[in-house]
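> kindly generate the corresponding structure for this input.
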Amino acid sequence: MSELERTALYDLHVELGARMVPFAGYEMPVQYAPGVLKEHLHCRAAAGLFDVSHMGQVVLRPRSGAAGEAARALESLVPVDLLGLKPGRQRYAMFTDDAGGVLDDLMVARRDGDLFLVVNAACKAGDIAHLRAHLSDSCEVVELTDRALLAVQGPGAEAALAAHAPGVAAMRFMDAAAFDSAFGPLWVSRSGYTGEDGFELSVPAAGAEALARAILADPAVRPIGLGARDSLRLEAGLCLYGADIDTTTTPVEADLGWAIGKARRAGGAREGGFPGAARILRELDAGPARRRVGLRPGTRAPMRAGTPLFAAQTGGAPVGQVTSGAFGPSVGAPVSMGYVPVDLAAEGVTLWGEVRGKRLPAEVSALPFRASTYKR
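This is a model prediction of the structure:
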């Protein structure tokens with residue numbers, strides 16, 4: 001077995017009493033002493049600090065021309081409008097394959113002269129190889145291995161971070177900007193994976209622990225582990241790659257069609273031109289056969305990933321499957337997501353999840369389960 005990697009905050013996690021677990025090739029904190037439920041609720045009420053340094057940070061630098069050339073090149077791999085992305089803004093995207101499946105989802109920010117990408121930890125080696133295989137003639141693909149990535153999320157996030165980078169207070173959701181700090185140059189986006197207002201910040205690895213300690217010195221901020229990160233994103237209706245989306249799901253099936261701008265759709269200025277375009281554009285027009293939906297189980301026990309879903313309490317074959325499920329501390333009830341045929345995807349439809357041989361009711365619900373608090 002290959003040795004697990006450690007982030008720049010590993011020693012701090014241990015000092016703070018984190019329970020460390022293997023995750024995407026790294027030793028990562030799953031929870032701290034308060035536990036997942038209290039960490040989750042604290043992030044919703046005040047602010048949480050997350051170490052997300054295991055994720056990939058990549059710069060896409062055009063070999064000639066401005067950042068627009070990098071955006072044009074990257075559009076050949078994603079169905080998203082990147083030429084329309086203005087400097088200082090960030091956008092959600094996904095790499096697709098020739099069958100229309102999702103290879104990974106990612107964030108893309110436009111900076112002066114290049115694009116800054118954040119990709120999932122388990123996919124980063126494949127993503128970087130994918131970028132280099134297809135874009136090396138037009139772009140330099142640079143993995144940043146000397147920077148850490150932190151997230152500060154929750155209603156107290158702005159005040160906690162503004163104490164060290166005052167300019168962040170003027171940012172709006174999905175803005176991205178550079179700031180000087182006592183911890184080195186920061187690259188900050190007003191975004192996150194919790195449904196809360198907050199920030200993700202790239203910092204030189206050498207300054208990461210000092211920055212984390214400085215943010216944690218704010219009494220509103222507590223460290224939050226992967227366990228609460230997962231329940232927070234689930235309540236926010238956000239997909240987890242490898243669970244809710246993968247190469248067997250298209251962006252339209254995953255209800256991510258909102259990310260595909262008019263310019264890339266049928267009749268748009270740059271229609272198609274990305275892997276799997278024929279299927280994805282067809283599904284955008286005619287609709288997919290199945291769709292990701294929210295589910296509210298009718299019991300106190302969560303319906304977790306892998307739970308088969310049925311159209312009736314007895315008889316019949318499964319019609320779908322739960323892809324994510326847990327207790328939602330902020331909503332006080334179990335919540336799940338999964339894929340079902342479109343004729344069963346309407347809000348209020350009752351489905352039946354089979355848990356330990358018994359079918360239990362689950363009502364199709366709108367997503368997110370809890371309204372977001374992004375600063376628009």
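> so where's this structure uncertain?
Applying pLDDT under 70 to the chain picks out residues 1-2, 67.
> hey, where'd the helices end up in it?
Counting by DSSP state H, the chain has helices at residues 10-15, 36-45, 67-74, 124-135, 157-162, 205-216, 226-235, 277-286.
> what helices or strands is the second one leaning on?
Using 3 or more Cβ pairs under 8 Å, 6 or more residues apart in numbering; DSSP states H and E as the contact criterion, the neighbours of helix 36-45 among helices and strands are strand 221-223, helix 226-235. Quick note: C-beta positions are derived from backbone N, CA and C, even for glycine.
> export these to JSON lines and tack on mean neighbour count and distance to Met303?
Below are those laid out as JSON lines (neighbours: other Cβ atoms under 10 Å; distance: least, Cβ to Cβ, whole Å):
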{"stretch": "strand 221-223", "mean neighbour count": "23", "distance to Met303": "29"}
{"stretch": "helix 226-235", "mean neighbour count": "24", "distance to Met303": "12"}
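> distance to Arg132 added to these, as a markdown table?
Rendered in a markdown table, the data for the helices and strands packed on helix 36-45 read as follows (distance: least, Cβ to Cβ, whole Å):
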| stretch | distance to Arg132 |
| --- | --- |
| strand 221-223 | 35 |
| helix 226-235 | 29 |
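> for Gly261, find the nearest of the ones you listed.
Proximity to Gly261, assessed across those by Cβ to Cβ, is greatest for helix 226-235 (23.5 Å).
> which residues touch that closest one?
21, 23, 28-31, 36-37, 39-40, 43-44, 48, 50, 153, 193-196, 240, 324-331, 335, 337, 368-370 (Cβ atoms under 8 Å, 6 or more residues apart in numbering).
> mark which of these are buried, thanks.
28-31, 36, 39-40, 43-44, 48, 50, 153, 193-196, 240, 324-330, 335, 337, 368-370 (16 or more other Cβ atoms under 10 Å).
> restricted to strands, list the residues you listed.
Members of those lying in strands (criterion: DSSP state E): 28-31, 48, 50, 153, 324-328, 335, 337.
> and the gap between Gly207 and Val152?
Counting by Cβ to Cβ, to the nearest Å, the gap from Gly207 to Val152 is 15 Å.
> mind checking which of those two has more residues around it?
Val152 (30 against 19; other Cβ atoms under 10 Å).
> ok, the more buried one touching Ala160?
Yes. Val152 is in contact with Ala160 according to Cβ atoms under 8 Å; the separation is 5.8 Å.
> which neighbours do those two share?
Each of Ala47, Ile215, Val221 lies in contact with both Val152 and Ala160 under the rule Cβ under 8 Å, 6+ apart.
> pretty sure the last one contacts Ile215?
Yes. Under the criterion of Cβ under 8 Å, Val221 is in contact with Ile215, at a separation of 5.6 Å.
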